[in-house]
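>>> Build me a model:
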Amino acid sequence: MDDTEHYRLKKTARKATGRRAGETERQKVTGNKEKKENTNKGTTTEERSDRGPVGKFVKTSSRNPLGESAMKLSFTCALFLLLSLHTCTIMGGRAQRRQRQAEESLRPYIGRVEPEKLCELLKCRSPVGSWCQVVQENGVLVPKCVCPQSCPRQRAPVCSVLGKTYGNECLLHKEACRKRRRTGLAHTGPCLVPKAICTEEELSQFPYRLLDWFLLLSRMGESYVPSTPPQSCLSHAQRTQLAQQRFTVLDKNNDGKLSRWDLRKLRYKRMPLEHCATPFFQSCDQNRNRKVTLREWTTCLVDRSEDWFYHFMSMRMGSHKLCPTIKENHL
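Numbers count the residues shown, from 1 in each chain. As a prediction, this is how the structure comes out:
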């Protein structure tokens, strides 16, 4: 073998070795890249091959849906609490700022006007539930909003806007401060007793009294007719006409139904047996849709008022007729 052929064989062997080394390096790089991708995706790969290096990758998810839901819920709760705290901080800071401004606006009058009078002008916004009291600052009496720590035993009942009676106004504000709730003073003295309960007898009498009320209103209005008889002498048609007239007056939107807002225009406080108004109109609503139609209205007022009147006259007078003759007069 001469030198030329020996050199050619040596060069061929070197090329083959280089190719094998390059393939090995590429396989390492490819394998590392696949492992890195599988790690980032949260999957595992498994090589399954009985014949050669060619493998099949099976992806198995390692994600936990319950864990992700819990994390999302925790994040939502934390965000809600943060926003609530931020809102409370803003509102509290605004109330404190307005309180300071109100107190500063009264400072020019300190020493010139009685501090008790200034307290009447000071509206307490902060602390929540506080009330104005005269306190001493640097030897000067000034009005200031404070939460009472203790209250006198003096009995001077007051009623809050929530309908609760307190022994005195100090006790009202002490509880309001403790609960961090603005509770205003409705009036001095104990809260009014609750309205009387409408008895069954009063409820049966109410439609007749209500028609009497409508008859009085019609006489005071444009529909007044001097010859209009009392309700005891009205016929069924006249009572129906009276009920329909009042229905038309109350039905402002002309939809043929009366809502609770329409019924409030009846001025309950001036009506006889006014504590029976709400249960009566609830009983008129036969289909429970919170609306009273014209048919329900006339049935309630006319039929039930006549039933009560005839029963009353039969029990008291021995006859349900009070007027000897009934003419079909128009109201």
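>>> How confident was the prediction at Val113?
Note on Val113: pLDDT of 82.
>>> what bridges to it?
Ile110 (DSSP bridges).
>>> Could you give the number of residues near Ala156?
Neighbours of Ala156 under the rule other C-beta atoms under 10 Å: 13. For every residue, glycine as well, the C-beta is placed using N, CA and C.
>>> That one and Tyr166 touch, don't they?
No: look at Ala156 against Tyr166 with C-beta atoms under 8 Å: they stay out of range, at 9.2 Å.
>>> ok, for Lys144, nearest residue in space, not its chain neighbours?
Val135 (4.8 Å; C-beta to C-beta, 6 or more residues apart in numbering).
>>> And the host helix or strand of that neighbour, what does it pack against?
Using DSSP states H and E, Val135 maps to strand 131-137. The contact analysis (3 or more C-beta pairs under 8 Å, 6 or more residues apart in numbering; DSSP states H and E) places strand 131-137 against helix 115-121, strand 140-146, helix 169-179.
>>> For the stretch 101-250 of the chain, give me the ranges with low pLDDT.
For the stretch 101-250 of the chain, applying pLDDT under 70 flags the ranges 193-195, 220-231.
>>> need the helices for it, in chain order.
Along the stretch 101-250 of the chain, the stretches classed as helices by DSSP state H, counting those that start in this stretch are 115-121, 169-179, 200-220, 236-250.
>>> Redo these as TSV? Include distance to Pro148.
Formatted as TSV, the helices of the stretch 101-250 of the chain follow (distance: least, C-beta to C-beta, whole Å):
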stretch	distance to Pro148
helix 115-121	14
helix 169-179	5
helix 200-220	45
helix 236-250	49
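>>> So for Gln101, which of those helices sits nearest?
When these are compared by C-beta to C-beta, helix 115-121 sits nearest Gln101, at 13.3 Å.
>>> list the buried ones in the closest one?
Pro115, Leu118, Cys119 (16 or more other C-beta atoms under 10 Å).
>>> and if you look at stretch 184-203?
By 16+ other C-beta under 10 Å, the buried positions in stretch 184-203 come out as Ala186, Cys191, Cys198, Glu202, Leu203.
>>> Excluding chain neighbours, what is closest to the second one?
If you skip the residues right next to it in sequence, Cys191 has Cys159 as its closest partner in space, 3.9 Å away by C-beta to C-beta, 6+ apart.
>>> Next, find the distance separating that neighbour from Thr183.
11 Å (C-beta to C-beta, to the nearest Å).
>>> Ok, Lys144 next?
Separation of Lys144 from Thr183 (C-beta to C-beta) stands at 19 Å.
>>> can you count the residues close to Leu162?
For Leu162, the neighbour count with other C-beta under 10 Å is 12.
>>> Give me the nearest residue to it, chain neighbours excluded.
Thr183 (6.2 Å).
>>> That neighbour touches Val158, doesn't it?
No: under the criterion of C-beta under 8 Å, Thr183 is not in contact with Val158, lying 10.6 Å apart.
>>> Spell out which residues are contacts of both of the two.
Common contact partners of Thr183 and Val158 (C-beta atoms under 8 Å, 6 or more residues apart in numbering): Leu172.
>>> Does the closest residue to Leu211 other than its chain neighbours lie in a helix or a strand, and which?
Take Leu211 and drop its neighbours on the chain: the residue closest to it by C-beta to C-beta, 6+ apart is Ser305, 5.3 Å away. Take DSSP H and E as the rule and Ser305 turns out to sit in helix 304-316.
>>> can you redo the helices and strands packed on strand 131-137 as JSON lines with distance to Thr293?
Putting the helices and strands packed on strand 131-137 into JSON lines (distance: least, C-beta to C-beta, whole Å) gives the following:
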{"stretch": "helix 115-121", "distance to Thr293": "52"}
{"stretch": "strand 140-146", "distance to Thr293": "54"}
{"stretch": "helix 169-179", "distance to Thr293": "45"}
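>>> I'd like to know which of these is closest to Leu211.
Each of those has some distance to Leu211 by C-beta to C-beta; the shortest is helix 169-179, at 44.6 Å.
>>> list the helices and strands that closest one packs on?
Helix 169-179 packs on strand 131-137, strand 158-160, going by 3+ C-beta pairs under 8 Å, 6+ apart.
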